[in-house]
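K.L.:
Predicted model and sequence follow; I will ask about them next.
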Amino acid sequence: MAAGLAHEIRNPLNSLFINSQLIEEMIAELPDEITPQKEELLSLALANMNVTRRLNETLSGFLRFARPSAMELDQVELNRVVAETLNFLDVDLARRGIVPVVRYHPSGLPLLADEKQLKQALLNLLLNAEEALDKEDKLIRVTTGVRRGRPYVRIQDNGRGIPACERRHIFQIFFTTRRGGSGLGLPIVRRIVRQHGGSVSVRSKEGIGTTVTVTLPFESQFRAMFPGRQRLALPAGTPGPGREATAEEQSAGTQEEAK
């Protein structure tokens with residue numbers, strides 16, 4: 001149903017965008033001397049293109065949320081995934097004068113995860129942190145570690161924070177306080193993390209900043225939680241179902257779920 005509705009909306013949106021492009025090109029070719037309102041007309045045509053582009057992006061985001069792609073599980077390492085996501089944002093952060101303070105767990109943190117989706121979740125959180133920075137001294141702190149037997153990544157900023165009256169709504173679809181925001185970023189983050197057997201927690205204080213912690217299961221914990229996905233999770237050519245979860249890891253996973 002979601003796909004059919006999106007198709008019905010996207011077709012006229014594409015037509016509007018193409019027509020706006022044609023109008024913009026026609027106006028640009030008009031002689032200035034016979035078209036006093038040329039700049040104003042060009043501005044309106046470009047504004048129309050921007051609106052249709054934005055609607056198309058929102059529609060695509062809704063489809064990703066309503067009809068998530070199948071998980072392509074593989075053995076990944078959390079420190080590396082975090083580092084590569086930060087590298088992707090290097091230029092954008094540097095442009096704004098932001099140098100993230102990063103502290104990685106000294107040991108590897110093996111996960112069974114869809115790396116592409118996990119990076120998307122982290123990217124959404126980092127972009128939120130970047131956008132929230134409204135002080136001269138901008139700070140984003142990224143930390144990986146292990147807590148209660150499970151790996152985590154924590155993203156902290158010293159931005160404007162989330163007002164108390166809005167915190168209960170931040171995971172609601174289409175809820176946003178950001179100008180131009182779609183209201184899909186955090187709902188998508190939570191869906192991805194939950195699909196991986198993890199959890200998301202948010203602590204925020206207005207005027208002080210926000211801390212988001214994503215907790216995930218170790219690879220062995222994931223295999224114990226979702227035994228039906230083990231075959232998909234193994235790289236091609238890997239024999240056997242992988243090692244079983246240790247008693248300590250199973251106990252940690254039980255504690256986290258009961259939390």
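P.N.:
Here it is on my side, so go on.
K.L.:
what are the ranges of the helices in the protein?
P.N.:
Counting by DSSP state H, the segments of the chain that form helices are 2-29, 38-66, 78-88, 90-95, 115-132, 164-167, 185-195, 219-225, 230-233, 247-258.
K.L.:
For I155, find the nearest of these.
P.N.:
Comparing these against I155 with Cβ to Cβ, the closest turns out to be helix 115-132 (5.0 Å). Just so you know, the C-beta spots here come from the backbone N, C-alpha and C atoms, and that holds for glycine as well.
K.L.:
can you pull the buried residues of that closest one?
P.N.:
For helix 115-132, the buried set under the neighbour-count rule, 16 or more other Cβ atoms under 10 Å, comprises 115, 117-126, 128-132.
K.L.:
Off-centre distance for that helix?
P.N.:
How far helix 115-132 lies from its chain's middle: 4 Å, per Cα atoms, centre = their mean, to the nearest Å.
K.L.:
got the angle between it and helix 78-88?
P.N.:
50 degrees (axes from the mean of the first three to the mean of the last three Cα atoms, to 10 degrees).
K.L.:
who does helix 115-132 touch, helix- and strand-wise?
P.N.:
Of the remaining helices and strands, those touching helix 115-132 by 3 or more Cβ pairs under 8 Å, 6 or more residues apart in numbering; DSSP states H and E are strand 74-77, helix 78-88, strand 140-147, strand 150-157, helix 185-195, strand 209-215.
K.L.:
ok, K138 to E130 distance?
P.N.:
8 Å (Cβ to Cβ, to the nearest Å).
K.L.:
about what we covered before: any chance of the helices of the chain in CSV, with mean pLDDT too?
P.N.:
Converted to CSV, the helices of the chain look like this (pLDDT from 0 to 100):
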stretch, mean pLDDT
helix 2-29, 70
helix 38-66, 72
helix 78-88, 96
helix 90-95, 88
helix 115-132, 91
helix 164-167, 82
helix 185-195, 88
helix 219-225, 92
helix 230-233, 49
helix 247-258, 38
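K.L.:
Let me know which of the ones you listed is the nearest to Y104.
P.N.:
Between Y104 and those, the shortest gap by Cβ to Cβ is with helix 78-88, which sits at 4.6 Å.
K.L.:
Okay, buried residues for the closest one please.
P.N.:
Applying 16+ other Cβ under 10 Å to helix 78-88 flags L78, N79, V81, V82, T85, L86 as buried.
K.L.:
and these, which two are the farthest apart?
P.N.:
Based on Cβ to Cβ, the longest span within the buried residues of helix 78-88 runs between L78 and L86 and measures 12.6 Å.
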